[in-house]
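Engineer: kindly return the folded structure for what I paste below:
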Amino acid sequence: MADVNRVAPNCSPVPGIFRVAPLSGETTSSLITRIASHYGLEATALRSCWKWRSHQPRHDGGGARADVEVLLNTAGRQLLAGLCGVEEGVLARALPSWGREDARLPA
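Structural biologist: You can find the predicted model right below:
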């Protein structure tokens, strides 16, 4: 499991151009990957909008695993909601990890 501890300074939680609805039961990591695709970005480029406390687990071949769950703090959740173009309540219902926070994540 990867944690994010704060939003990177060069990314702001402004509304995105595209609406990317989460799939029921989707991992946050998978949603980030799908959002990046809609914006024509590599997932790693979009992930740079958050400051990561740990590293995303990878497959033996080196590729990032999409089945890994990501925990976001409040600012990180706001940024993700803005990039998706959906309300946080929609994300809370669809993403299993939405309301979970690691004790190590600062507010």
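Engineer: strands along the protein, start to end?
Structural biologist: 2-7, 50-52, 70-71 (DSSP state E).
Engineer: could you give the average pLDDT over the second one?
Structural biologist: For strand 50-52, mean pLDDT is 76.
Engineer: so for that strand, what gets flagged as buried?
Structural biologist: Buried positions in strand 50-52, judged by neighbour count with 16 or more other Cβ atoms under 10 Å: W50. The way it works is simple: take the backbone N, C-alpha and C, and place the C-beta from them, glycine included.
Engineer: one step back: in terms of mean pLDDT, which of the strands of the chain ranks lowest?
Structural biologist: strand 2-7 (a mean of 45).
Engineer: S37: how many residues sit nearby?
Structural biologist: Close neighbours of S37, defined as other Cβ atoms under 10 Å, add up to 14.
Engineer: give me the nearest residue to it, chain neighbours excluded.
Structural biologist: Closest residue to S37 apart from its sequence neighbours, by Cβ to Cβ, 6 or more residues apart in numbering: A43 at 7.8 Å.
Engineer: the helices in the chain, which residues?
Structural biologist: Using DSSP state H, the helices found in the chain span residues 28-38, 43-47, 74-84, 88-94.
Engineer: got a list of contacts for the last one?
Structural biologist: Outside of helix 88-94, the residues that reach it under the criterion Cβ atoms under 8 Å, 6 or more residues apart in numbering are 21-26, 31, 77-78, 80-81, 84, 98-99.
Engineer: buried subset of those residues as a PyMOL selection?
Structural biologist: Buried subset of the contacts of helix 88-94, written as a PyMOL selection, criterion 16+ other Cβ under 10 Å:
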select buried, resi 22+26+31+77+80+81+84+98
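Engineer: which of the contacts of helix 88-94 lies closest to G62?
Structural biologist: Nearest to G62 among the contacts of helix 88-94: L31, at 22.1 Å, using Cβ to Cβ.
Engineer: and the closest one, how far is that from T74?
Structural biologist: Taking Cβ to Cβ, to the nearest Å as the measure, L31 falls 17 Å from T74.
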